Structures are given as structure tokens and as C-alpha cells.
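In: Build me a model:
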Amino acid sequence: MQPPQWWPSSPVSGARLLLLLCCAVVAGYQCYQLLTLFNSEPVSLTVSFTPRADVALPSVTVCVAGYSIYDGSPLPDGNASLSEFLWNEAGNLSSSFRSCSPNCNLTEEIPYPGGSVQVPTGTWSSWIRDDAVCHSFVPNITWAQLPPGPAGEFNIALRTKPRTTNVRYVYVVPGRPPLFSGFGVKDAEPDIPFRVLDGPPRFVFLSTSSHVHERPSLRRAPCNASEDYSYGVCLQSCYHDYWAAVRKCARPEMLAEFPELPECPFSQIGERLDFAEHAPSCGCLPACRLERLLVTENTVISKSPGLEDNFMLLSVSMSQIPQQVAREQLSYHAVSLFSEMGGYISLLLGVSVVSVAELAAQGVGWCRRALRAPAPAPLLSQSPIVVRAVYP
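Out: Below is the predicted model:
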């Protein structure tokens, strides 16, 4: 039995064929490893520090409890309007506000059931939640734009008053109102407040340091890169839509968003919908830029006779490190992939881009010649010619 034509005819040619096959296997394995690395989308992490001039002031929110089930304060009737009860019990912004600096004093009142007012250095807003009335100030300036001074602080002076419940919650978050719930969704965390009791005159000093984590949107972990996007705010808006569709009424914090719906009775305020299964249909992606504040709180009770008993000062300052940024970036790009694959193939098989281009050009030339070559003429069958001789 004769061997096939491609079979090596000598030991030397057999060794050459074996070496070629080994090199091809090694090159294929290396290309597979590089493709696996590229598809895993590796990232590198760099840490930098933002200068003071580029760091925005955080927002400050004060929530005044309207009632408490633990201290015997009066509760609204089961069918009464909870939002009106809270607004009357906790008070509006002007009843709790004394002054604000720099240049953030109120210019007009915020009426029931809440809203917002622009001031030169930011925005004041008031809204009602389950058991409290909250007032937020969101600045639009950076730390470097504060008036020159030794401390570099912005201050909010509050007016407290004797109440059945005297609990205030202070939130310091980056540039937005706080989130009070995670809605049972993974990676959606509520903001943590400081609990402050009304009482003797006191000064509450808050020192803040910002920690930012930025990452690109990847196939394995997509995220939303919009500048003002917040994952928690998106989930909160979707939860409110879901509640409105299921309960056909508006919770106190939803009154401004759904004015056409009646207010939910007090008996439904403690209920929570099972939102975890509905959350994926909201289309809320995690944010590509996540900012958290590290806040240090120090409260000093003043015994100065010149201060009124209902005085409270919130003083927010910046720590020694204003902002630390951890930034993830793709560390392996398509250019690196093709460069390394070409290096292995060229080293092991002797194939380069030039040789591939020449082979492609030869293939195109062969195809053109094959298309232009005239077709061979068909063979015609001829009938035999019979010659017959006739003799006289």
C-alpha cells in the first residue's frame, strides 16, 4: 500500500513536519490564552488626590421627626392625612431655620407639601417622608469658593423648639438628598444619619473627606457613566412608580411627584412592597462613579448664658485630604492583543503581516485568472465518413 502524497518521504522531512505541528499547537494555545485574557477585561487601579479647588461641598439634610411610637407622642388618626400632620408637627423650613453662610439664607418660604428654592450658593428643598419633615441644602460651589477664613466652613444655624418628640437626624451626603432605604436590592444602601437630640445650645462640627471610585462600563459589569446619575435615586423613582401602580395612592414623599393620586392613609405607611423581583425591569444600572463621604462628628454643648436654649449650629468643614479618587482603567486593549498574537505566530511559524498580505494577493490573482480563462470548446462527436468506390 502506497503512502499518501503528503506523507514525508524521509526522516528529515518527517522531523520538519513534526516541528511545524508542535509550533502550530503552541501558537494556538498562546493565542487562546491571550483571547481569554482580553475577554476577561482586566483593569488597573490608580489612586489620585483631587485639589481643594475642584471638590464640591457636600449636601446637608436635617430631618425633624413628627412623631415617635416610642416616646408617647401623639399619632395621626388611621385615616388622617399623614403629610399634613407631619408638616404641622415637625414644622416647615422657616420655623427651623435661623441663618446660613456663605450666602445661602432663604429668600422665600417653601409651602406645603414641599418644593425647592434657589439661593446664590445652592438649592434649599423640603419634603415629607414616613415620620419626618426633611430640609436639604445642596451647594453648587467648591471648597475653594468659600470666603477666606481660618476654618473654611459653611454653617447652618437651626432653631429648635420644645416638642413632644425632639429627635433630629442629620445627613451629610455628596451633592444630593439622602436615600432612606435600599428597597431590598443588592448594592443599594441607604445613607446613615447622625442622631442629634434637641436640648441645650449645642454646636455640631462635621469634618468630611470624599472617597470616589470610578470604573469603566464593561461587558462583564455594565454601569451608567452619566455625570449626575445615582443608582439609588433611580431605584427610588422606580419604586415610587411601582407603588403608585399597585396601591393607587401616594406616600408622603410622593405627593409632589404624583399630584393626581390621593394620599395613602396612615395605616399603609408602614407597608413595604416586594420590590426585589421587580427591580431588574427598572433598567437601573450601577453608577460608574461612586462617591462616599467619611464624616467625623463632634458635638459640643454650650453653657454660655448668652445663647438661647433653642439654638443649634451645624458646621461642616473639609478634612486634610479633601478627596481621594480610585480610578479603574482597562489595562489590556485590542492593540495589545493583536500585537502579542502576531509576535507568537511570527516567532513560532514565521508568518508576518507582509506574508499574509502577499498570500492574499496571490489568491486574488489566482481567482482573477480563473475567471478570465476561456472555457474549453466542447468536443463534437463526428460521424464516420464512408467512401465507396464504383467501378464501371
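In: Report the separation between the closest residue to Y332 other than its chain neighbours and L35.
Out: Spatial nearest neighbour of Y332, excluding adjacent residues (C-beta to C-beta, 6 or more residues apart in numbering): P42 at 5.2 Å. For every residue, glycine as well, the C-beta is placed using N, CA and C. Applying C-beta to C-beta, to the nearest Å, the value for P42 to L35 is 13 Å.
In: what's the answer for D191, then?
Out: Here D191 is placed at a distance of 43 Å from L35 (C-beta to C-beta).
In: Between those two, tell me which one has more neighbours.
Out: Remark: of D191 and L35, D191 carries more neighbours, 19 against 12, as counted by other C-beta atoms under 10 Å.
In: who touches the more buried one in this structure?
Out: 171, 173, 178-180 (C-beta atoms under 8 Å, 6 or more residues apart in numbering).
In: Would you check how far apart it and A27 are?
Out: 54 Å.
In: now do M312
Out: 73 Å.
In: Check L290 too.
Out: 42 Å.
In: do the same with C282
Out: If you measure C282 against A27 using C-beta to C-beta, the figure is 47 Å.
In: V47 now?
Out: 38 Å.
In: re the thing from before, isn't the residue nearest to Y332 up against E328?
Out: No. With contact defined as C-beta atoms under 8 Å, P42 and E328 do not form a contacting pair (10.0 Å).
In: T142 contacts T50, doesn't it?
Out: No. Checked against C-beta under 8 Å, the pair T142 and T50 is beyond contact range at 9.9 Å.
In: Please tell me how far the helix or strand hosting S99 is from the chain's geometric centre.
Out: Using DSSP states H and E, S99 maps to strand 97-101. Computed by C-alpha atoms, centre = their mean, to the nearest Å, the separation of strand 97-101 from the middle of its chain amounts to 33 Å.
In: That strand pairs with which strands?
Out: strand 154-159 (antiparallel) (DSSP bridges).
In: tell me which of the contacts of D191 is nearest to E297?
Out: The shortest approach to E297 among the contacts of D191 belongs to Y171, at 11.7 Å (C-beta to C-beta).
In: Which residue is the nearest non-sequential neighbour of L314?
Out: For L314, the spatially nearest residue (C-beta to C-beta, 6+ apart) is I156, at 4.5 Å.
In: residue contacts, the one you found?
Out: The neighbours of I156, taking C-beta under 8 Å, 6+ apart as the test, are 60, 62, 97, 99-100, 104, 137, 313-314, 316.
In: For it, give the beta-bridge partners.
Out: Using DSSP bridges, the beta-bridge partners of I156 come out as C100, L314.
In: Make residue 1 into 2 and carry on from there
Out: All set: I'll call the first residue 2, so the last point we hit is now I157.
In: P43 and E329: which has the busier surroundings?
Out: Neighbour tally, P43 and E329, criterion other C-beta under 10 Å: the higher count belongs to E329, 16 against 10.
In: Wasn't A28 part of a strand?
Out: No. A28 is assigned helix when assessed by DSSP: H, G, I helix; E, B strand; the rest coil, not a strand.
In: Quick check: it vs L21, distance?
Out: A28 is 10 Å from L21, where distance means C-beta to C-beta.
In: who touches both of the two?
Out: Common neighbours of A28 and L21 (C-beta under 8 Å, 6+ apart) are L350.
In: Looking at the two now, which is surrounded by more residues?
Out: More neighbours surround A28 than the other of A28 and L21, with 18 against 13 (other C-beta under 10 Å).
In: residues contacting the more buried one?
Out: 345-346, 349-350.
In: With F204 instead?
Out: By C-beta under 8 Å, 6+ apart, the neighbours of F204 are 300-301, 303, 313-314, 316.
In: Most neighbours among the residues you listed, please name it.
Out: Ranked by the number of neighbours (other C-beta under 10 Å), the contacts of F204 place M313 first, at 25 neighbours.
In: What count of nearby residues applies to the nearest residue to that residue once chain neighbours are set aside?
Out: For M313, ignoring the flanking residues on the chain, the nearest one in space by C-beta to C-beta, 6+ apart is L159 at 4.4 Å. Using other C-beta under 10 Å, L159 has 22 neighbouring residues.
In: My guess is L159 contacts R99. True?
Out: Yes. Shown here, L159 and R99 form a contact pair, counting by C-beta under 8 Å, at 6.2 Å.
In: so what sits against both of these two?
Out: F312.
In: helix or strand for Y172, which one?
Out: Secondary structure assignment for Y172, by DSSP H and E: strand 168-174.
In: Just checking: what are the partner strands of that strand?
Out: Here strand 168-174 is paired, per DSSP bridges, with strand 60-66 (antiparallel), strand 195-198 (antiparallel).
In: For T124, find the nearest of those strands.
Out: Closest of the strands paired with strand 168-174 to T124 is strand 60-66, at 9.0 Å (criterion: C-beta to C-beta).
In: Show me what the closest one is in contact with.
Out: For strand 60-66, the surrounding residues in contact (C-beta under 8 Å, 6+ apart) are 91-92, 97, 130, 132-140, 157, 159, 166, 168-179, 194, 207, 315, 317.
In: wait, what's in contact with C285?
Out: By C-beta under 8 Å, 6+ apart, the contact set of C285 is 225, 232, 235-236, 239.
In: Let's have those in JSON lines, adding neighbour count.
Out: As requested, the contacts of C285 are arranged in JSON lines below (neighbours: other C-beta atoms under 10 Å):
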{"residue": "N225", "neighbour count": "16"}
{"residue": "Y232", "neighbour count": "20"}
{"residue": "C235", "neighbour count": "19"}
{"residue": "L236", "neighbour count": "22"}
{"residue": "C239", "neighbour count": "19"}
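In: If anything else comes up later, I'll come back, but that's it for now.
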